[in-house]
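A.B. asks: sharing a sequence plus its predicted fold:
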Amino acid sequence: MKKLFSVLMSVVLFAAMLTACTSTTTESGSTAAVSDDLPKIGLIQLAEHPSLDEIRTAIEAQLEAQNGVEGALKNGYTYDYQNAQGDPSTISNICQKFVADDVDVIIAIATNAAQGAASAVQGTDIPVVFAAVTDPVAAGLVSDPNAPDMNVTGTSDAIAVDKIFDLAATLTPDVKSYGLIYNNAEPNSTSVIEQTKAYLDEKGISYVEGAVTTTGEVQTVAQSLLGQCDAVFAPIDNTVASAMTILAEEGIAAQKPVYVAADSMVADGGLATVGVNYTQLGTQTGEMAVEVLNGTPVSELPVQTLTETSVVVNEETAAAIGVAVSAYID
Ligand code: TRP
């Protein structure tokens with residue numbers, strides 16, 4: 001009897017766990033109950049790190065703001081948010097489920113998620129609106145950002161490599177070599193690294209590349225690069241961003257600067273960057289998704305590339321490694 005009870009209890013517990021999992025990853029639009037008549041939005045986020053979370057929050061706020069507004073989503077919508085936790089097979093499972101659910105639009109945050117969505121919707125008429133794809137052409141999502149040709153469009157956070165390294169040259173003029181840490185399975189990173197190498201070659205600055213395939217490898221690769229180089233640069237890499245605090249701690253331990261490509265990576269301890277505003281980017285992505293839901297053909301919605309950048313420095317990190325940044329603090 002006791003045994004049966006404990007078996008029953010585990011079944012109950014297991015069922016409770018399953019329910020808990022679904023309810024944390026799936027949310028419904030706030031104004032309307034789920035119904036087949038409402039527009040369905042599937043949102044996939046590549047991984048969990050502060051910048052992607054910031055983008056999603058801004059997209060959600062925009063969808064809410066437009067909800068019920070004349071000419072926008074008059075009747076509310078259903079909303080299914082899924083996070084792939086950086087795992088390629090999870091990306092494709094999520095996107096296939098969105099297609100099976102026949103969503104009206106897939107919103108995909110970050111490059112690998114957008115690529116998964118674009119491949120899952122092939123042969124269907126489901127449009128994809130991506131957020132923060134650094135190089136949508138290199139990622140194979142559009143042939144021409146001004147004329148989307150694959151029912152896929154969205155926003156881009158193209159990186160100003162030269163501005164970042166010009167800032168680095170001002171803050172730490174003695175740096176003669178950079179360690180470049182990134183995941184080469186992320187087209188957003190490989191594109192920025194190509195520009196980086198061209199820039200450094202031109203300036204006669206040397207570099208060593210350090211590949212990571214998972215967040216777990218960031219610490220060892222960071223230590224190795226910091227052992228060989230005067231500074232480290234991390235491009236707009238989701239794998240590194242997910243372990244940014246570890247990279248930042250290693251930089252401080254080695255007393256060397258770690259330059260990055262996003263404001264969130266500075267907030268997580270990187271020394272400095274020149275980057276775009278991701279709340280703005282998320283807002284624009286939400287607006288595009290609403291236009292698509294209102295029937296505007298994707299081919300009429302060019303990719304929106306954010307070009308306004310600002311300098312971001314981390315005062316605490318600067319103090320910890322003895323770099324003067326007061327000129328950049330308001
Ligand atoms: N641009 C990245 C991509 O194309 C996504 C991204 C947005 C990102 N913000 C970031 C990556 C901050 C690292 C840090 O996938």
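C.D. replies: It's in. A quick note: this is a predicted structure, and the numbers were derived from the prediction, not measured.

A.B. asks: for the strand or helix carrying S189, name the packing helices and strands.
C.D. replies: In the assignment (DSSP states H and E), S189 maps to helix 187-203. When contacts are defined as 3 or more CB pairs under 8 Å, 6 or more residues apart in numbering; DSSP states H and E, helix 187-203 packs onto helix 111-120, helix 161-171, strand 177-182, strand 206-211. Bear in mind the C-beta positions are built from the backbone N, C-alpha and C, glycine included.

A.B. asks: how much space between the nearest residue to V192 once chain neighbours are set aside and V121?
C.D. replies: Distances taken as CB to CB, 6 or more residues apart in numbering put P235 closest to V192, at 3.8 Å, once the chain neighbours are dropped. Separation of P235 from V121 (CB to CB, to the nearest Å) stands at 28 Å.

A.B. asks: neighbour-wise, which of those two wins?
C.D. replies: Just comparing P235 and V121: by other CB atoms under 10 Å the higher neighbour count belongs to P235, 29 against 22.

A.B. asks: residue contacts, the more buried one?
C.D. replies: When contacts are counted by CB atoms under 8 Å, 6 or more residues apart in numbering, P235 touches I159, L180, Y182, N188, S189, V192, I193, T196, A261.

A.B. asks: tell me the residues of the protein that contact the ligand?
C.D. replies: 51-52, 110-111, 132-134, 157, 188, 236-238, 241, 262, 264-265, 278 (CB under 6 Å from any ligand atom).

A.B. asks: again, only using 5 Å
C.D. replies: Contacts of the chain with the ligand, taken as CB under 5 Å from any ligand atom, map to S51, A110, T111, A132, V133, T134, D157, N188, I236, N238, A241, A262.

A.B. asks: following the helix or strand bottoming out on mean pLDDT in the chain, which helix or strand shows up next?
C.D. replies: Lowest by mean pLDDT, DSSP states H and E among the helices and strands of the chain is helix 2-25, with a mean of 36. Using DSSP H and E, the helix or strand that follows helix 2-25 in sequence is strand 40-45.

A.B. asks: could you list the domains of this protein?
C.D. replies: Here the domain parsing of the chain from automatic domain parsing is 2-157+277-296, 161-275+310-328.

A.B. asks: before we move on, the earlier item: and the residue nearest to V192, helix, strand or coil?
C.D. replies: Per DSSP: H, G, I helix; E, B strand; the rest coil, the local secondary structure of P235 is coil.

A.B. asks: same deal with I107?
C.D. replies: Taking three-state DSSP, the label given to I107 is strand.

A.B. asks: which parts of stretch 42-50 are buried?
C.D. replies: For stretch 42-50, a neighbour-count test (16 or more other CB atoms under 10 Å) marks G42, L43, I44, Q45, L46, A47, H49, P50 as buried.

A.B. asks: look up phi and psi at the residue nearest to V192.
C.D. replies: phi -70, psi -160 (degrees, to the nearest 10).

A.B. asks: pLDDT weak spots in the stretch 1-150 of the chain?
C.D. replies: 1-37, 68-75 (pLDDT under 70).

A.B. asks: kindly recompute the last result at 90.
C.D. replies: Along the stretch 1-150 of the chain, segments meeting pLDDT under 90 span 1-39, 63-78.

A.B. asks: rewinding a little: pipe the helices and strands packed on helix 187-203 into TSV and attach distance to E249 per row.
C.D. replies: TSV is the format used below for these (distance: least, CB to CB, whole Å):
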stretch	distance to E249
helix 111-120	26
helix 161-171	20
strand 177-182	14
strand 206-211	16
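
A.B. asks: which of these is buried the deepest?
C.D. replies: helix 111-120 (a mean of 26; mean count of other CB atoms under 10 Å).

A.B. asks: output the contacting helices and strands for that helix.
C.D. replies: Against helix 111-120 (3+ CB pairs under 8 Å, 6+ apart) you get strand 40-45, helix 88-100, strand 105-109, strand 128-131, strand 152-156, helix 187-203.
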